[in-house]
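Asks: Build me a structure from this.
(2 chains)
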Amino acid sequence: DTAVSQTPKYLVTQMGNDKSIKCEQNLGHDTMYWYKQDSKKFLKIMFSYNNKELIINETVPNRFSPKSPDKAHLNLHINSLELGDSAVYFCASSQEGLQETQYFGPGTRLLVL
Amino acid sequence: AQKITQTQPGMFVQEKEAVTLDCTYDTSDQSYGLFWYKQPSSGEMIFLIYQGSYDEQNATEGRYSLNFQKARKSANLVISASQLGDSAMYFCAMREGYNNNDMRFGAGTRLTVKP
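Replies: Reported below is the predicted structural model:
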């Protein structure tokens, strides 16, 4: 009964390929997020979806596209992968509200060769 | 401009001693929330403690406490009686404005607990 799950956990692929990372939360939260953590451990928010509506897009290249089929899922699709996309990608979810913490998935380690 | 600043890239502490991890923030909002997360070497992000801008008392959760100094815009994490398992990256984060879903993270501090 994992709260926020991501698949796959590891992803190794060649430059130029297209890949997707899936995320599901069973917490009933209204908002889901994607973060990128680079090799220096810096966490940067990429996207946020609230009730299937994109509400944050932090100047991420349009090769990255979030897709939310329903409130419990937020998938990340990446086109034409580049070396610089190698990172750990975290999915998270939360309720709305200042005091609401975000619950993170285990992360997906992406390596682009 | 950086919203969250963690000035200590790395910290060392002797087992059983207390350690303070620094965090300063920048906001013009009156309503905001401050969070600390732990990321062990296994990679998961673990929520530790929350402090609201209107909370008058410092937050505490077990061995974790938050030294909140609003005028100085600092929200330092204090870990008492350090354990080897506390060795990890620690991130300070902030949410600004009521009902704002945006959370900004600091660069993190790597804590190493020495036996």
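
Asks: Please, where are all the strands along chain A?
Replies: Applying DSSP state E to chain A gives strands spanning A:4-7, A:10-13, A:19-25, A:31-37, A:43-50, A:53-57, A:64-70, A:73-78, A:87-94, A:103-104, A:108-112.

Asks: quick check, distance from the third one to the centre of its chain.
Replies: In other words, strand A:19-25. In terms of CA atoms, centre = their mean, to the nearest Å, the centre of strand A:19-25 is set 7 Å apart from its chain centre.

Asks: picking up where we left off before, with distance to chain B added, can I get the strands of chain A in CSV?
Replies: For glycine as for every other residue, the C-beta is placed from the backbone atoms N, C-alpha and C. Listed next are these as CSV, based on distance: least, CB to the nearest CB, whole Å:
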stretch, distance to chain B
strand A:4-7, 10
strand A:10-13, 11
strand A:19-25, 14
strand A:31-37, 5
strand A:43-50, 4
strand A:53-57, 6
strand A:64-70, 14
strand A:73-78, 13
strand A:87-94, 6
strand A:103-104, 4
strand A:108-112, 8
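
Asks: mind listing what residue B:83 touches?
Replies: Taking CB atoms under 8 Å, 6 or more residues apart in numbering or on different chains as the contact definition, residue B:83 lies against B:15-16, B:113.

Asks: sorry, back to before: worst average pLDDT in the strands of chain A?
Replies: In terms of average pLDDT, strand A:53-57 trails the rest of the strands of chain A, at a mean of 77.
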